[in-house]
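[1] sequence first, then the predicted structure, then my questions.
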Amino acid sequence: MNDSARVWPSDGSARVPAWVYTDPTLFAREMRVFFEGPNWNYVGLECEVPERGAYKRSWIGTRPVLLVRDETDALHVLENRCAHRGSMICWRNKGVAKDFTCPYHHWNYDLRGNLLGLPFLRGAMGKGGMPADFNKADHGLRRLRVAVRGGIVWATFDSGAPALESYLGPAILTELDRTFSGRALRLLGYNRQLLPCNWKHYLENSRDPYHATLLHSFFLTFGLLRADTAFRAEPTEGGRHGIMASTYSPHTAQRQNDATRQMAALKSDFRLADTEVVKPVDEFGDSSMINYSVFPAVFFQQHGNSLAVRHIIPKSESATELAWTHYGYADDDEAMRRRRLIQANLMGPAGYVAVDDSEVLAQLGTVARSAPDSVQVIEMGGRDTATQDTMVTETLIRNFYRYYREQMGLDGQAIKKEK
Amino acid sequence: MSELRAELRDLYDDYASCLDDMDLDAWCGFFTDDCTYKVISFENHSESLPLALIECRGIGMVRDRVAAIRETTVYEPRQLRHFVSGVRVDGVEGDAITARANFLIAENLSDREPQIAIVGRYLDRLVRVGAALRFRERVCVYDNYRIRTSLVVPV
């Protein structure tokens, strides 16, 4: 079906039609509107390219890019696509280079993406060669607008994007400054997985505290995240971003009450032989776990002492890479470094908690493809889009779809006009 | 040395068939009490980055992995088949043996055909406990750039 014929179900943001996860035309439009549009995309961390000439590959939507530190320590984000015939320039995930040479016809670029030279510019033995008016300055790699804040590198294809700070907004900036305060970061490593679902399935999962109270019995059993603890589900910037902040307490662990009795998955008789994995220390002094989703495709994780950036990399309407970059601080002592690594067992493709999500999302992808006209019900916590102080809410998902429909021209007004 | 290599082949085959059968209690029995068990990507391992997909320090954490699979993890039913080859002794020092082998694990999800879930190599340190060889350290370095959906059962 052509996406112009799509009609959003009535009941607005409290309903989501399954075709948003399955339509390749809509997917192509999302890549243009969101990832090439006036939004800031997570690219990587400064500490991943620590020395001059260091580079790493990343993605913005489906487009491959390179994060590069040049000879003056300035960071650049370049599209990983030769200006000549569109070959991928850099095939290694990471490395250190003086310059980049396309493997196909050896066009050579500096670390800022400027075209330095190309073989046979003036031909060979008086024949061939580029036209006399060929200007190398017009044929560099595409260089994106870059902003670096607190050790995070962001980029945008759109010169019309607002300043990074106003795109993120004050509430997200406050949370970012809590863990990315300028304290030097240390890269701990990556986890990567390929999920057979649409990228928005993962984005919604990361704005859905309701599921965490039920699906993740490991979390619940050890009091790391439960419906009976203080919680804030805060949509920001009109639903563009979403914050989930919870308070954990050793006192709520194993305590039963009205809320926990409804958590059928809570295994009160399950005990760990070694509890190190569920013993975080309160390193930020607020007894909080604060996790937030920044549009379009990044989720910042702080589960106890396990700090990670989850980069959602859409591959097609039905396949999504999830790249986890775990980090700590350069001045972490050995005990903190070990805590971060041991607590990382909760997360990632083999995580005590995260496996549940991957497995469920894989099933969602399959079912959505089989029934694209089916409709999902998003009414937990009401039908509105306000901030709520409970985990038992889907307000962040409703907010996301309100924002999504506005941006994609799938809002109620537009649909009424079509009728 | 060829006798030791044959003994290791038997051990690795027994380890593999115990995971094929999902006999996870028996799997815990292959490790010493002070063991380290890790599953780590080639990407992290080759960059000397410490993050592992699974990291167990001591037999308690190994047993907890098993308990979590049974008690709390939500996952699609699957049948695994392990293929271990290229068993090689790298060195013997006192009672400690350093060895390696390749692994390939095919995964058959409930309503699909088998696919290669993960492939890589074991980097091991073994010691004798009584007459039997046990893993004091097993580091499973997988070659996959990405894990297909998830890794539920240890490697």
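    Arrived safely, thanks for sending.
[2] can you count the residues close to A:Asn399?
    When neighbours are defined as other C-beta atoms under 10 Å in any protein chain shown, A:Asn399 has 26 of them. Backbone N, C-alpha and C define where each C-beta goes, glycine included.
[3] can I assume it is in contact with A:Ser13?
    Yes: with contact defined as C-beta atoms under 8 Å, A:Asn399 counts as touching A:Ser13 (7.4 Å).
[4] what do these two both touch?
    Common contacts of A:Asn399 and A:Ser13, defined by C-beta atoms under 8 Å, 6 or more residues apart in numbering or on different chains, comprise A:Thr385.
[5] now do the SS call for the residue of chain B found nearest chain A.
    Of all residues in chain B, B:Leu51 sits closest to chain A, at 2.7 Å by C-beta to the nearest C-beta. For B:Leu51, the secondary structure call by DSSP: H, G, I helix; E, B strand; the rest coil comes out as coil.
[6] can you give me the strands for the stretch 301-419 of chain A?
    For the stretch 301-419 of chain A, applying DSSP state E, counting those that start in this stretch gives strands covering A:306-316, A:319-329, A:375-377.
[7] show me what the second one packs onto, helices and strands only.
    Read it as strand A:319-329. On a contact count with 3 or more C-beta pairs under 8 Å, 6 or more residues apart in numbering or on different chains; DSSP states H and E, strand A:319-329 meets strand A:41-45, strand A:185-195, helix A:199-205, strand A:306-316, helix A:334-343.
[8] quick one: which of those is nearest chain B?
    Checking those against chain B by C-beta to the nearest C-beta gives strand A:185-195 as the closest, at 2.7 Å.
[9] quick one: the closest one to strand A:306-316, angle?
    Strand A:185-195 runs at 40 degrees relative to strand A:306-316, counting by axes from the mean of the first three to the mean of the last three C-alpha atoms, to 10 degrees.
[10] next one: A:His106 relative to chain B, how far apart?
    A:His106 sits 27 Å away from chain B, going by C-beta to the nearest C-beta, to the nearest Å.
[11] A:Arg85 now?
    With the distance defined as C-beta to the nearest C-beta, A:Arg85 ends up 26 Å from chain B.
[12] tell me the contacts of that residue?
    Counted by C-beta under 8 Å, 6+ apart, A:Arg85 has contacts A:104-105.
[13] what strand or helix carries it?
    Of the helices and strands defined by DSSP states H and E, none includes A:Arg85.
[14] nearest residue to the residue nearest the centre of chain A other than its sequence neighbours?
    Nearest residue to the geometric centre of chain A (C-alpha atoms, centre = their mean): A:Val298, 1.8 Å. Nearest residue to A:Val298, sequence neighbours excluded (C-beta to C-beta, 6 or more residues apart in numbering or on different chains): A:Tyr42, at 3.7 Å.
[15] what's the neighbour count on the one you found?
    By other C-beta under 10 Å, 24 other residues sit near A:Tyr42.
[16] A:Arg29 now?
    Neighbourhood size, A:Arg29 [other C-beta under 10 Å]: 15.
[17] distance of it from chain B?
    For A:Arg29 relative to chain B (C-beta to the nearest C-beta), the value is 26 Å.
[18] about what we covered before: could I get the strands of the stretch 301-419 of chain A as a markdown table with mean neighbour count and mean pLDDT?
    Output for those, formatted as a markdown table (neighbours: other C-beta atoms under 10 Å in any protein chain shown; pLDDT from 0 to 100):
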| stretch | mean neighbour count | mean pLDDT |
| --- | --- | --- |
| strand A:306-316 | 21 | 98 |
| strand A:319-329 | 22 | 98 |
| strand A:375-377 | 15 | 94 |
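[19] A:Leu214: which of these is closest?
    Among the strands of the stretch 301-419 of chain A, strand A:375-377 comes nearest to A:Leu214, with 15.8 Å by C-beta to C-beta.
[20] helices or strands up against the closest one?
    Applying 3+ C-beta pairs under 8 Å, 6+ apart, we find strand A:375-377 packed against strand A:15-17.
[21] mind listing the strands the strand it packs on pairs with, and their directions?
    strand A:375-377 (antiparallel) (DSSP bridges).
[22] ranges for the helices of chain A?
    Using DSSP state H, the helices found in chain A span residues A:24-30, A:164-179, A:199-205, A:209-212, A:217-221, A:258-261, A:334-343, A:354-370, A:395-408, A:412-418.
[23] in JSON lines, list those helices along with mean pLDDT.
    Below are these laid out as JSON lines (pLDDT from 0 to 100):
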{"stretch": "helix A:24-30", "mean pLDDT": "97"}
{"stretch": "helix A:164-179", "mean pLDDT": "98"}
{"stretch": "helix A:199-205", "mean pLDDT": "97"}
{"stretch": "helix A:209-212", "mean pLDDT": "89"}
{"stretch": "helix A:217-221", "mean pLDDT": "77"}
{"stretch": "helix A:258-261", "mean pLDDT": "62"}
{"stretch": "helix A:334-343", "mean pLDDT": "97"}
{"stretch": "helix A:354-370", "mean pLDDT": "92"}
{"stretch": "helix A:395-408", "mean pLDDT": "94"}
{"stretch": "helix A:412-418", "mean pLDDT": "44"}
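[24] residue contacts, A:Asp11?
    A:Arg383.
[25] oh, that last question was meant for A:Asp274, not what I typed.
    Applying C-beta under 8 Å, 6+ apart, the residues near A:Asp274 are B:57-58, B:60-61, B:64.
[26] does chain A have contacts with the lowest-mean-pLDDT helix or strand in chain B?
    Sorted by mean pLDDT, DSSP states H and E, the helices and strands of chain B end with helix B:59-71, the least confident at a mean of 94. Yes: Helix B:59-71 reaches chain A (C-beta under 8 Å from any C-beta of the partner chain) through B:59-61, B:63-64, B:67-68, B:71.
[27] can you pull the residues of the stretch 151-300 of chain A lying near chain B?
    A:187-196, A:215-218, A:221, A:265, A:267, A:270, A:272-274, A:276-277.
[28] ok, of these, which come out buried?
    Neighbour-count burial (16 or more other C-beta atoms under 10 Å in any protein chain shown) applied to those gives A:187-196, A:215-218, A:221, A:265, A:267, A:270, A:272, A:274, A:276-277.
[29] where does the residue lying farthest from the centre of chain B sit: helix, strand or coil?
    Centroid-distance maximum for chain B: B:Asp111 at 25.7 Å, with C-alpha atoms, centre = their mean. Each residue gets one of three states, and B:Asp111 gets coil by three-state DSSP.
[30] measure it to B:Pro77 for me?
    To B:Pro77, B:Asp111 is 9 Å away according to C-beta to C-beta, to the nearest Å.
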